[in-house]
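Trainee: Fold the stuff below for me.
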Amino acid sequence: MKALRYYGARDIRHESMEDPRLHSDRDAIVRMTGCSICGSDLHIWHGHGFSEDIGFCVGHEAVGEVVETGRAVTRVKVGDRVMVPAAVGCGACGPCLRGQVFACENNAMACYGLSSQLQGVQAEAFRVPAADMNAVPIPDGVSEDQALLLTDAMATAWFGARQADIRPGSSVAVIGLGPIGLMAVDAAWIMGAQVVYAIDPVAERRAIAAQGGAIALHPDAAADMIREATRGRKLDCVVEAVGSDATVDLALRLVTRRGTVSVIGVQQSRRYAFPLERAFGAGLTFRTGTCSVPEELPALFALVQAGRLRPERYITHHLPLSQGPDAYRRFDSREAGALKMVLIPD
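Mentor: Numbering: from 1, shown residues only. From the prediction side, this is the model:
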């Protein structure tokens, strides 16, 4: 089969690799009908990978059709349309059954496309372990594009907004307006935010947020303008969707006393000097971590089916898988307004 494989910084190739096969009676094989590039995939593209492997298939967001199942798989069958949450669990322990795969008691949590341990999904087909949990049937009223964004990006945005303690009447800032940040703006409105400040250096992305009712600000001006607009009080809730030291610092400078900062940007530095004394003195709540997608899906399915959330709005490109290496380059350079890049079979 053909797949996108990682060989080093800015070196992802579309080439052949072995077809996936069942490793367990609980596995399934899924033929990819759509996959997408996540902002965190760019860390791998830049050469800041999560393993020393090379030659592995990348990607962790996909939808497809089940084409083979192990004998122990009972909840999905050949022919089912499924979405594949980015991280997998054992599917048998208490936390996994609650959708909290990152607390898997059997240490089976893994993410697609970080190494050869669990090959990625930017391929013509891929293996899904513990498929009864990790291959989720796409419900009626949810399109494949919508389901694709629910596999990680929209779920992470919702998780980040939920962790920020957004309530009716809250004042909110979202820092970083890539696809996840823009979806976090949408989530904030649904959760009842009274005002949302959308912060990013890219004018085109600020314009998209402004079209949805947010107050769009450049990072260089954000702190002063928010301080002036709130008469020094600052904001109740901040969602940080970048992962750099500078943007985490900005988040902490924008939040009011007893406010909450939620950091969902994948961290780009190994050590961050957290201002504990200032946070302690202000009584701040600071949360970070990785979204467990299955935990967020029940709420998100209902919102998408009702038309209240439309994450597919942020898809800017549908390209064949063979153009995947160029899609990475275009996404990284933000060429031609690139936001969510979807790859489909050739």
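Trainee: Tell me where the model's unsure across the stretch 1-150 of the chain.
Mentor: 49 (pLDDT under 70).
Trainee: in it, which spans are helices?
Mentor: In the stretch 1-150 of the chain, the helices defined using DSSP state H, counting those that start in this stretch lie at 41-45, 94-97, 131-134, 144-150.
Trainee: Find out how far the first one is from the centre of the chain, if you would.
Mentor: Read it as helix 41-45. 13 Å (Cα atoms, centre = their mean, to the nearest Å).
Trainee: Identify each buried residue in it, please.
Mentor: Buried positions in helix 41-45, judged by neighbour count with 16 or more other Cβ atoms under 10 Å: 41, 43-45. The way it works is simple: take the backbone N, C-alpha and C, and place the C-beta from them, glycine included.
Trainee: For that helix, name the packing helices and strands.
Mentor: Applying 3 or more Cβ pairs under 8 Å, 6 or more residues apart in numbering; DSSP states H and E, one finds that helix 41-45 makes contact with helix 324-333.
Trainee: Let's test this: mean pLDDT of the helix it packs on, rounded?
Mentor: Helix 324-333 shows a mean pLDDT of 95 in the predicted model.
Trainee: Where does pLDDT dip in the stretch 201-346 of the chain?
Mentor: Scanning the stretch 201-346 of the chain for pLDDT under 70 picks out 268-270.
Trainee: which ones are touching residue 96?
Mentor: Contacts for residue 96 (Cβ atoms under 8 Å, 6 or more residues apart in numbering) come out as 89-90, 104-105, 108, 133.
Trainee: repeat that with 6 Å
Mentor: 89-90, 104 (Cβ atoms under 6 Å, 6 or more residues apart in numbering).
Trainee: tell me which of these is nearest to residue 152?
Mentor: Nearest to residue 152 out of the contacts of residue 96 is residue 89 (Cβ to Cβ; 14.8 Å).
Trainee: ranking the contacts of residue 96 by neighbours, who comes first?
Mentor: residue 89 (28 neighbours; other Cβ atoms under 10 Å).
Trainee: can you pull up the bridge partners for the nearest residue to residue 125 once chain neighbours are set aside?
Mentor: Closest residue to residue 125 apart from its sequence neighbours, by Cβ to Cβ, 6 or more residues apart in numbering: residue 31 at 5.0 Å. Judged by DSSP bridges, the bridge partners of residue 31 are residue 65, residue 125.
Trainee: circling back: reformat the contacts of residue 96 as JSON lines; add distance to residue 17.
Mentor: Formatted as JSON lines, the entries for the contacts of residue 96 read as follows, by distance: Cβ to Cβ, whole Å:
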{"residue": "89", "distance to residue 17": "25"}
{"residue": "90", "distance to residue 17": "26"}
{"residue": "104", "distance to residue 17": "27"}
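Trainee: Take those residues and keep only those in strands.
Mentor: Judged by DSSP state E, strands contain none of the contacts of residue 96.
Trainee: Name the nearest of these relative to residue 196.
Mentor: Looking across the contacts of residue 96 and measuring by Cβ to Cβ, the closest to residue 196 is residue 89, at 32.9 Å.
Trainee: can you tell me which residues contact that closest one?
Mentor: With Cβ under 6 Å, 6+ apart, residue 89 has these contacts: 96, 101, 104, 108-109.
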